[in-house]
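[1] Sequence unavailable; structure follows:
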């Protein structure tokens, strides 16, 4: 989730180029088709603006892998409706102005058949309006902030079970499910200045304050902030029982290291992003990851449509294990699954058909069974996860939990 900064509101990749059968190679895109069986029609070209550089590059990388994995997988099965899928990927440098230029060029100059969304809510907002202007369906993996759905775009579909405010509700529900004596009495709410993180943190703060949990520290810092020591210093001085931090990755690691150095361990620690990264324990120390909460939309253990095949294909293509797959890869892969399902049900995948089709029924993907409101917001909910004995596991709601939540142990140093 994280995807959804992100999923989930960071992210350096080498530039990719897309070699299309009808266009020359460029230095900013590559042909991501591979392993195709017989394809009788012209390539189905899908344009994607991705953060190959800039602040979001690292966090966007798993989504890029998910897109490319889907393209190679569907091409190995013969493509879509007999047409080989070709991804034309261009770099937006994590910049909202550049993402607008990219989608305008993809649609008007490159004349791609379809588009997929970029990484982050920050870039999805301007990108989605371009797709709407030209009548393109806009299936996107990680733009789930309220600002996205406030656009009321009928062509937009987030390939996650829920909008990101659901992450806030999920964790608030967990805290408020505790007996009064076990709940935190005070809370701190630092957050990066990003629509993803602020929406989640704001939702949790509003609900917990209303329940009597006192706010002792709150701040918003620039998303590009590198030195978080002033934030951590004030956080430690406030000594909250609960830390709800709006983070996207590197800042979560910095905050943990800062609290370890200060020898201050809150009773509850929740990060909007960071813990969802399979490498998080290695970055902060496995013992320090223990007991940290976040929320999620995909898990290796999920019994969702095509998940076992997705995991097998991912490991075969990129190595590692299923446990180390970033949820952002599943979110991007699900975007492609939705196109496959439309093709199977309707026998065509033009933009008008995609938009009309996805507003009816339920669509099974690795992200679960998806359906949307008129504004593209998903109708499902997220799950609270926690690092427990070295694994990031669902712990709430109880019906979806794989284990019980554990108390946050003191930092290991």
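    Now that the structure is in, tell me what you want to look at. Just so it is clear, the model here is predicted, and its values are computed rather than measured.
[2] what stretches of the protein score poorly on pLDDT?
    When residues are selected by pLDDT under 70, those of the chain lie in 1-39.
[3] Strands along that one, start to end?
    44-50, 85-91, 114-116, 138-140, 156-158, 186-192, 214-221, 242-245, 268-271, 293-296, 363-365, 368-370, 383-388, 391-396 (DSSP state E).
[4] orientation of the second one relative to strand 44-50 in degrees?
    I take that to be strand 85-91. If you take axes from the mean of the first three to the mean of the last three CA atoms, to 10 degrees, strand 85-91 sits at 20 degrees to strand 44-50.
[5] circling back to that earlier point, wait, which of the strands of the chain is closest to residue 205?
    Shortest separation from residue 205 across the strands of the chain is recorded for strand 186-192, at 5.0 Å, computed as CB to CB. Where C-beta positions appear, they are placed from N, C-alpha and C, glycine not excepted.
[6] Relative to the whole chain's centre, how far out is the closest one?
    21 Å (CA atoms, centre = their mean, to the nearest Å).
[7] One more: stretch 113-122?
    Worked out by CA atoms, centre = their mean, stretch 113-122 lies 12 Å from the chain centre.
[8] Compute the first-to-last residue distance for that stretch.
    Counting by CA to CA, to the nearest Å, you get 24 Å between the two ends of stretch 113-122.
[9] Likewise for stretch 346-355?
    Using CA to CA, first and last residues of stretch 346-355 are 12 Å apart.
[10] Same question for stretch 46-61.
    Stretch 46-61: ends 18 Å apart by CA to CA.
[11] Same check on stretch 361-379?
    Span of stretch 361-379 from end to end, CA to CA: 12 Å.
[12] give the contact list for the closest residue to residue 102 other than its chain neighbours.
    Nearest non-adjacent residue to residue 102, counting by CB to CB, 6 or more residues apart in numbering: residue 49, 3.9 Å away. Neighbouring residues of residue 49 by CB atoms under 8 Å, 6 or more residues apart in numbering: 89-92, 98-99, 102-103, 106, 118, 123, 127.
[13] cool, residue 407 as well?
    So residue 407 contacts 267, 291 (CB under 8 Å, 6+ apart).
[14] Need phi/psi at it.
    phi -70, psi 150 (degrees, to the nearest 10).
[15] Now for residue 233, how many residues are close by?
    12 (other CB atoms under 10 Å).
[16] Not counting its own residues, what contacts stretch 283-292?
    253, 256-257, 260, 269-271, 275, 277, 280-281, 386-390, 406-409, 411-412.
[17] Just the buried residues of those residues.
    For those, a neighbour count by 16 or more other CB atoms under 10 Å gives the buried set as 253, 256-257, 260, 269-271, 275, 277, 280-281, 386-388, 408, 411.
[18] now, the most widely separated pair of those residues?
    Taking CB to CB, no two of the buried ones among the contacts of stretch 283-292 sit farther apart than 257 and 388, at 21.3 Å.
[19] which residue sits closest to residue 254, ignoring its sequence neighbours?
    Excluding the flanking residues, the one nearest residue 254 by CB to CB, 6+ apart is residue 228, at 4.5 Å.
[20] Correction: the previous question concerned residue 112.
    Nearest to residue 112 is residue 47, by CB to CB, 6+ apart, at 3.7 Å.
[21] can you pull the contacts of the one you found?
    Taking CB under 8 Å, 6+ apart as the test, what residue 47 contacts is 88, 90, 102-103, 106-107, 110, 112, 114-116.
[22] Most neighbours among the residues you listed, which one?
    residue 103 (30 neighbours).
[23] Tell me who's in contact with that one.
    47, 49, 115, 127, 130-131.
[24] Find the nearest non-adjacent residue to it, please.
    Residue 103's closest residue in space is residue 130 (CB to CB, 6+ apart), at 4.2 Å.
[25] residue ranges for the helices of the protein, please.
    Here the chain has its helices, by DSSP state H, at 57-76, 96-104, 121-133, 146-149, 165-177, 195-210, 229-238, 250-262, 280-284, 286-289, 307-318, 327-346, 351-358.
[26] Go through the ones you listed and name the closest to residue 301.
    Per CB to CB, nearest to residue 301 of those: helix 307-318, 8.9 Å.
[27] What residues of the closest one count as buried?
    307, 310-311, 313-314.
[28] so the residue nearest to residue 254 makes contact with residue 255?
    Yes. With contact defined as CB atoms under 8 Å, residue 228 counts as touching residue 255 (6.1 Å).
[29] Quick check: phi and psi at the residue lying closest to residue 192 once chain neighbours are set aside.
    Leaving aside its chain neighbours, residue 192 sits nearest to residue 223 (4.6 Å; criterion: CB to CB, 6+ apart). Phi and psi for residue 223, reported as degrees, to the nearest 10, are phi -60, psi -30.
[30] How much space separates residue 223 from residue 120?
    10 Å (CB to CB, to the nearest Å).
[31] Now do residue 309 against residue 60, distance only.
    Going from residue 309 to residue 60 by CB to CB gives 24 Å.
[32] wait, what's in contact with residue 251?
    Per CB under 8 Å, 6+ apart, neighbours of residue 251: 192, 225, 228, 245, 274.
[33] so what's the last one up against?
    For residue 274, the contacting residues are 247-253, 280, 294, by CB under 8 Å, 6+ apart.
[34] Test my guess that residue 263 contacts residue 412.
    No. Judged on CB under 8 Å, residue 263 makes no contact with residue 412 at a distance of 11.3 Å.
[35] which non-adjacent residue is nearest residue 187?
    residue 242 (4.1 Å).
[36] Count residues in the vicinity of that neighbour, would you?
    Here the count is done by other CB under 10 Å, and residue 242 has 25 residues near it.
[37] and what of residue 222?
    Residue 222 has 9 nearby residues by other CB under 10 Å.
[38] So it is in contact with residue 191, correct?
    No. At 11.0 Å, residue 222 does not count as touching residue 191 under the criterion of CB under 8 Å.
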